[in-house]
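Chemist: Fold the stuff below for me.
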Amino acid sequence: MEDVARSLVDFVRDHQVWAAAVVLVLAFGESLAFISLLVPAWGVLVAIGAMMGPGQINFWPVWVAGAVGAALGDWLSYWIGFTFKERVASIWPLSRHPGLLPRGVALVEKWGVPSIYIGRFFGPLRATVPLAAGIFEMPSLRFQFANWTSALIWSAVLLLFGDLISRTVEWVWSAI
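Modeler: Next up is the predicted model:
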């Protein structure tokens, strides 16, 4: 897995014109219920953010691409939950992690719409909160507002965190 991540980062470094497309696909996979359990992509997104510090990659298109990918992944997850209800718990890989969906369900039951923001920032919950929102038939407009605004925030946080790390390392390195 580490080799794939390194290859993706190297690809983006060598082909910067593809950065937004790669980020969109990674954010989509990171936010889609079943894929995110298998392929956590947040580390690659942070590494791509680190390339912004040296001025290699433009923040704005990559940020928007990350937000669009994340929101589309959650949107599809919401639809899956809305359509298949509790049957999603028996679909692999959720069936191999029986505790994940109940945690997402509990979060949605307790917090409602704010659970979309909370779940976006916590790995395993990111995969199950949109499913749970769909299962509970959270009103689509409320879900989509929280989905899109949290995706914009999440994408910016990951990319800017990578940029901050890059700038900090550069500053420490120059001070030595």
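Chemist: Just give me the neighbour total for A175.
Modeler: If you count neighbours by other C-beta atoms under 10 Å, A175 ends up with 6. Heads up, the C-betas are built off the backbone N, CA and C, glycines and all.
Chemist: Ramachandran angles for it?
Modeler: Here is the backbone geometry of A175 (degrees, to the nearest 10): phi -80, psi -20.
Chemist: Mind listing residues that contact stretch 16-29?
Modeler: For stretch 16-29, the surrounding residues in contact (C-beta atoms under 8 Å, 6 or more residues apart in numbering) are 8, 11-12, 35-36, 39, 41, 44-45, 48, 51, 56-57, 61-62, 64-70, 72-73, 151, 155.
Chemist: Quick one: list the elements packing against the helix-or-strand element of the chain with minimal mean pLDDT.
Modeler: Ranking every helix and strand in the chain by mean pLDDT, DSSP states H and E puts helix 33-38 at the bottom, with a mean of 77. Contacts defined by 3 or more C-beta pairs under 8 Å, 6 or more residues apart in numbering; DSSP states H and E place helix 33-38 against helix 19-31, helix 59-84, helix 123-135.
Chemist: Now mean pLDDT, mean neighbour count and distance to P93 too, for those helices, in a markdown table please.
Modeler: Output for the helices and strands packed on helix 33-38, formatted as a markdown table (pLDDT from 0 to 100; neighbours: other C-beta atoms under 10 Å; distance: least, C-beta to C-beta, whole Å):
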| stretch | mean pLDDT | mean neighbour count | distance to P93 |
| --- | --- | --- | --- |
| helix 19-31 | 95 | 23 | 13 |
| helix 59-84 | 96 | 21 | 13 |
| helix 123-135 | 90 | 26 | 9 |
